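1. need a 3D model of the following:
(chains A, B and C)
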Amino acid sequence: MVKYVIKRILLALLILFGVSIILYVLIRMMPNNYFADQYKLTRANAGIPQEVIDAELTEILKQYGLDDNSFGGILKGYFMWLGKFLTGDMGISFKYGNRPVQDVIGQYMWISFGISFVALLLEMVIAIPLGIKCAVNQYGKLDYVATVLCMVGIAFPSFFLGNLFIKWFAVDLGWFETGGLGNGFFDMIWHLILPMTVMVILNIGGLMRYTRTNTLEVLNADYIRTARAKGLSEGKVVYKHVFRNTMIPLVTQLSFTLPSLFGGAMITEEIFALPGIGQIAYHGLLEGDIFLAMGYNMFLAVLTVIGVLLADIMYAVVDPRIKLGS
Amino acid sequence: MAANKDNKHYISRSESRAIARENSRAIRFYEKKKKRKAKPDEYTTHMKDDNNVIEFEDLHTYFFSDAGTVKAVNGVSFSIPAGSTVGVVGESGCGKSVTSLSLMQLVQAPSGQIVSGSIRFKASLFKLDEKGKKIPVYETVEDEFGTRFKLDEKGKKIIKKNELGGNVYEMEDRVVDIAKMPTEAMRSIRGREIAMIFQEPMTSLNPVFTIGNQLDEVGYLHIEGISKKQVKAHSIEMLKMVGIADPEGVYKKYPHELSGGMRQRVMIAIALLCNPKLIIADEPTTALDVTIQAQILDLLRDIKHKINGSIMLITHDLGVVAEMADYVVVMYAGRVIEMGTAEDIFDHPMHPYTIGLQKSKPTVDGEVDKLYCIPGFVPNPIDMPDYCYFRDRCEKCKAKCAGAYPDYVQVSPTHKVACYLYENTKEDGNGKD
Amino acid sequence: MKEKKDVTLEENKAEEVVTSTVAPESTVVADSAWSAGQAEAAAEEKDDLHGENLTDRAKVLSPWMTVLKRFFRSKLSVIGLVTIVVLFLFAFIGPLCSPWAAAGGTKLDSNPELIKEILSASPVTYTVGDMEYEALAVSVRIPQVVKLGDISWSHWMGTDDMGYDVLTRLMYGGRVSLTIGFVVVIIETVIGVIMGGLAGYFGKWVDNVIMRIVDILSCIPTLPIMLILSVVFTQSGLGSSISKLYYMMIVLCLIGWTGTARLVRGQILSLREQEFMLAAKASGLSTFSKIFKHLMPNVIPQLIVSMTLGLGSIILTEATLGFLGIGAPLNTATWGNLINVANISTYRQYYPNLWVGAGVCITLAILAFNFVGDGLRDAFDPKMKR
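-> Now for the predicted structure:
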C-alpha cells in the first residue's frame, strides 16, 4: 500500500516535471519586451517612479533568467525557475502589487473554493438522489424530463447563461446583484445566488447522468436480485444495496473535481466579477504576468495529479474488493 | 435469392413500430397490476391437491422484446408435493429459470411479465387486523382469576417471543395465487416462505457488505422484534449448519474473500434463515467445480430433511437430477413435455426429446464411438409455431405431428407426456392437466 | 411455405448429392439413419430443410438496422439530428438567401434614402483676416450606415455596432464554428487513434512513453493555455488575422487527442486478452490484419460516439475563446465572437438581439450533438436494450 502510493507520487512528480517544461516553453514564447512593457506599464500605473521600475525589472530579468531568449537561455531560465519553485518561491506577480505568486494564489483561492464547494454540495444533494430515482424508474416521466433538462444544462455555455441571468434577474427584474461579493455575510449570499445557480445548472447534469448510468448498471446486478429474493422492500434494496455500490464510482468521480474546486471557475468569476483565483489568473494571463501564469497553471496541474491519486485511494477506501497496488 | 431471404428475416420499420407500441401497452398494463393495492381475498384460492406446496397451472411468462414477444414460459403446469424434491430439466433457454423466477415474482421487469395462469402456494401468512397490521400474541399468566395478559412495569402487554427471540404473531394458512399477487404482498413470502439459491455464487452476494450483514438483514426483516445479538447468533448458527468451519470468521468477511463453494454455502445459509417451506435452487452447482458440486448437493439433501421442506431444483445436468430428485419435469421451449417420478423419467423416458437427452449423456461403461447429439436447434422463441415445438428435430415425427400441439397423455398414474406417439396408450381420456 | 421448401431442396441439390435422401416432411426417418456415420450429414440436411421453417417464422433485426432502429426510437436522438441538419442549412445555405450576404462576409446596410439632399454645389465666399476665400459647398450623398438597428423587416435580428446584419453574421459564424468543430474533432481522433493504437499494439516502452505523454497533456489546463497562446500569437503579429484561430485550433488538437488515445489503447488491451484474438493467432492471421479485422470494428462505435460528443465540446471551446476575445479576430464572424458583445453591459442590457442569437445557436449545437452522441451510444450498446 505504502509502496504503491510512493510509486504513484514519484510518477506524479515525473508528470508535473513534463507539464512544467511545456508550460515554461509556452510562456517563454511570449516576446521578451511584452513582459517588460507590461511590467513597466502596470508598475507605473501603481505610481512607482520610473527609475525604481527599471531597477526592479533589470533585477527580475536577471534573477529569473528572462533576459536571454536563446534556447540555452530558456533552458537556463527553466532550471532557475524550477530551483526556486522547489523551494516554494513561485516568483512575483507584478499585476497584483509585486507580491509573491504563492501569496496571491493563497489569498484568492479560498474565495473560489468557498463558492465552488457550496455549489458542489448543492449539486450533490440534488443530483445524486435524482439520478437514483431516474434510474429506478427508467423510461418513466421523471426520467425523461430530468434527462432532457440535464442535457440542456450541460449544453449551456457558462458565459451565455451567466449573461442571460444578469440581464433578466439582476437588471430587468432587479432581484439580485450583477456581480461582486458585497459587504457582510448576508449581502455576500445575496451576491452569490446568481453565480452559484449558474454553476449548479452547468454541472448538475453531468453528475446526475453519471449517477443514473451507474445505478442502472448496479440495478442489473445479480446481488440486487438476491436482495429482492430476500424479501427486502424496494426502498431498502435501492437505498442500501444499490446506493452503496453506486457510491463507488461516484466518490472516484468526485475526486476529479478537485482542480475545479480550488482552481476557480474562470468564466463564471469573470462574468460576475468575483475576485476568485480564476478571475485573478485570467487577467494576469492576459496581461503577461508570467510568474502568475506559470504558478497558476502549475497549481492546476498539481491539483489534477492529486485528484487522480485521491481517486485511486478513495476507490480502495469505498470498495472492499480493491487493494491498492494489486 | 439472398436479398429476398434477408428481407424475410429482418423486421421492417412499421412492424417494429407496431411491436414497440404493443410492448409498452402490455408492460404498462402488467406493471400496474403488480403495483395495485389488493385485498388478500383477491389472490386467495385453494389447492387442487392438499399434499402439494406449489401448483403451477397453465403459467405464461412473456418477455416483450424489440423483436417481438418471447414466450419464455408458455403454459407450464406441474406441482411440487410437500417434502419432495422436484427437478426441472431442459437445455438452456427452455424457460426453466423463468418458471422459478415467476414463482418468486423476480422475472426481469419491465420487459418480463407473468401474463396468465396461476401459481398456487400454500403459505402461512401473518394474520392482519382490519387496519392491515399484524396481530401479536401476548404473554399470558394463569392464576386464580383465570387466564390474564402478563403486563410489564409500565402496564403494557408483553408480546410473546419465539425460540429465536422474535415476536410471535397470529398466523393463518392461506393458499395464495402468486401470479395474481401484488409485489408488496409478495415480499413477506420471499425469503421467509420461499427462498432462492442462484446460479452464480460469485455475483449473487453484494460485494460491499460483509457476509454477516447480508445474513442478518434477512433475520431483521422477517423475524420482528429480534435483538442484534440474537440475529447474529442465529446467522452464525446457520453458517454452521451449512458446513462452514469457521462461522464467526466468515461472518466478518466480505464475499470476495471466499471461494465459490463457500459463497454458495453462504447463499444456502441465507435461504435457510427463516425455515422456508420451499427452496428454489436455480442451477446451484453449475458454476462450481465437480468436487464442490457433490458437497453442495449433499448439503442440499441434508438440509431438506432438517427443515422438512421441498426443493425445486433447476438444472440442465441429468446426473444431478437423478441423484437428487423425487419427481422430474422436462421442459422444452417454454413447455413441459414430460413429467413423472425420477424412475419414470430415467427408466422409461417416453418423449423423443427426453430420450435424446438421455442418449446424449456420456456414460462410463457404454461403448459409444460418438456421443449422441440431438439434431437441430431450439426454435427461436419469438412467434412460435402452433405444432409440437420439437417436431423439426424429432426423429420419430409422424403425420399427426403436423397438427396442433399435442395434449398430455397420462401413460401411468405418475407419468405424463405431451407427444402423439403415445396417443393410443392413454390410460384415461382427459388430456390436459 | 411450400414454395420455399422447394427452393431449399434445389439449393441443396446443387451443393450436395446427398440431398436426394432428404425425407419429405411427413416421413418418419428410420432410427438407423441416425447411426454414427450418417448422423452428421443427415443433421445438416435436416437443419437446412426444417430449420428454414423455424427461422423463417422468427424475424430478427440486421445489426445495422438494430443500431438505426434503436437510434431512431429515441425521440431525443431524432430531435438532435434534425437540429444539426437545420443548423447546417442555416449556416451554409442561409447566407445564399440573405440580401446582406457578400462574397467575403456581410454587406453594410448603407441606406441612401436617409439623405434627402441631392448632389449640389454652390460657391461660398468668406474672409479670414484680410484674405478673401472662395469655396464650393458641396452636399454629397454619404452612405448612412444603420448602426445598432432595431429588429425590422429588412433586418430580422437588427444590425450590430458596425452596421452589419446580425442574422447574416450569425449564418457566417455558423460556418466557421461548425467547420472548426468537425476539423478539430477529426484531427484529434486521427492522432488519438494512431497514438492509442501504437501504445496498445506495441506495449512495453512505446506504451509507457505514449501514456506518460497522455498523462502530461491531460494535466495541462486548456483555457489558461489558450490564454497564453493568444497573447503569444497576438504579440507575434497574428492578432488581426483569422489564421490566429487556426493556430489555436491546431494547439487544441495537439492537446485534445488524449481521450481518444486512452479509449483506443484500453480497447486494444482488453481485446488482446480475449479468446478470439488467440483464435486469430492460431489461424495464422498477420498481426496487422489482426488489428484491423478484429479490433477496429470493436472500437469504431465508441469512436463515433466520442467524436459526436467531442463536436459539442469543441464548439463550446471555440465559443469560449470568442467570448473572451482571444479566438478569431473580432471582425470575423464566429458564434463566439458574436456573443463577445455581451461583455459590454450596455449591449448586454439594451441590445440582446446582438448576442442572444449566437448563444442560442451555440447551445442548440452542443445540445444537438450531445443528443445524437447519446442516442448513438445507447444504440451501439447492446446492454441498453430494453
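
2. from here on, just use CA atoms for contacts and neighbour counts.
-> Fine.

3. contact partners for residue B:314?
-> When contacts are counted by CA atoms under 8 Å, 6 or more residues apart in numbering or on different chains, residue B:314 touches B:87, B:88, B:89, B:96, B:97, B:280, B:281, B:282, B:283, B:284.

4. report the secondary structure state of it.
-> The three-state assignment at residue B:314 reads strand, by DSSP: H, G, I helix; E, B strand; the rest coil.

5. so where's chain B uncertain?
-> Residues of chain B that meet the criterion pLDDT under 70 lie in B:1-13, B:363-369, B:381, B:383, B:424-433.

6. residues from it in reach of chain A?
-> Within chain B, the positions near chain A by CA under 8 Å from any CA of the partner chain are B:104, B:106, B:184, B:186-192, B:195-196, B:198, B:200, B:203-208, B:218, B:221, B:254, B:256, B:271.

7. same check on chain C?
-> Contacts of chain C with chain A, taken as CA under 8 Å from any CA, map to C:212, C:215-217, C:219-221, C:224-225, C:227-229, C:231-232, C:235-236, C:316, C:320, C:323, C:339, C:342-343, C:348-349, C:356, C:359, C:362-364, C:366-367, C:370-371.

8. filter those residues to the buried ones?
-> Buried by 16 or more other CA atoms under 10 Å in any protein chain shown: C:212, C:215-217, C:219-221, C:224-225, C:227-229, C:231-232, C:316, C:320, C:323, C:339, C:342-343, C:348-349, C:356, C:359, C:362-364, C:366-367, C:370-371, out of the residues of chain C next to chain A.

9. so which of these belong to helices?
-> Judged by DSSP state H, those include C:212, C:215-217, C:219, C:224-225, C:227-229, C:231-232, C:316, C:320, C:323, C:339, C:348-349, C:356, C:359, C:362-364, C:366-367, C:370-371 as members of helices.

10. re earlier: intersect the buried ones among the residues of chain C next to chain A with the contacts of chain B.
-> Within these, nothing lies near chain B by CA under 8 Å from any CA.

11. could I get the buried residue list for stretch A:263-283?
-> Within stretch A:263-283, the residues that count as buried by 16+ other CA under 10 Å are A:263-272, A:274-283.

12. what about it, average pLDDT?
-> Stretch A:263-283 carries an average pLDDT of 88.

13. same check on stretch A:80-93?
-> 85.

14. now it: how far from the chain's centre is it?
-> Its chain's average C-alpha position is 22 Å from that of stretch A:80-93, according to CA atoms, centre = their mean, to the nearest Å.

15. please see if that stretch touches chain C.
-> No. Shown here: stretch A:80-93 not in contact with chain C (CA under 8 Å from any CA), separated by at least 15.6 Å.

16. that stretch: end-to-end distance?
-> 17 Å (CA to CA, to the nearest Å).

17. next, the buried residues of that stretch.
-> Neighbour count says stretch A:80-93 has A:81, A:82, A:89, A:90, A:91, A:92, A:93 buried, by 16+ other CA under 10 Å.

18. got the contact list for that stretch?
-> A:64-65, A:98-102, A:104, A:289-292, A:295.

19. let me have the contacts of residue B:314 in JSON lines, extended by neighbour count.
-> JSON lines is the format used below for the contacts of residue B:314 (neighbours: other CA atoms under 10 Å in any protein chain shown):
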{"residue": "B:87", "neighbour count": "30"}
{"residue": "B:88", "neighbour count": "28"}
{"residue": "B:89", "neighbour count": "27"}
{"residue": "B:96", "neighbour count": "31"}
{"residue": "B:97", "neighbour count": "25"}
{"residue": "B:280", "neighbour count": "24"}
{"residue": "B:281", "neighbour count": "23"}
{"residue": "B:282", "neighbour count": "22"}
{"residue": "B:283", "neighbour count": "21"}
{"residue": "B:284", "neighbour count": "26"}
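
20. among those residues, which are in strands?
-> B:87, B:88, B:89, B:280, B:281, B:282 (DSSP state E).

21. and the last one, how far is that from residue B:30?
-> Using CA to CA, we find residue B:282 at a distance of 25 Å from residue B:30.

22. got it, and the fifth one?
-> In this structure, residue B:281 and residue B:30 are separated by 27 Å, where distance is defined by CA to CA.

23. cool, and residue A:81?
-> 71 Å.

24. now residue B:150
-> Remark: distance between residue B:150 and residue B:30 (CA to CA) = 48 Å.

25. now swap in residue C:92 and tell me
-> In this view, residue C:92 and residue B:30 are 50 Å apart by CA to CA.

26. settle it for me: which of these two has more neighbours?
-> Using other CA atoms under 10 Å in any protein chain shown as the criterion, residue C:92 and residue B:30 rank with residue B:30 on top: 18 against 15.

27. show the subsequent helix or strand relative to the helix or strand harbouring the more buried one.
-> Residue B:30 is part of helix B:13-35 when elements are defined by DSSP states H and E. As assigned by DSSP H and E, the chain's next helix or strand after helix B:13-35 is strand B:44-45.
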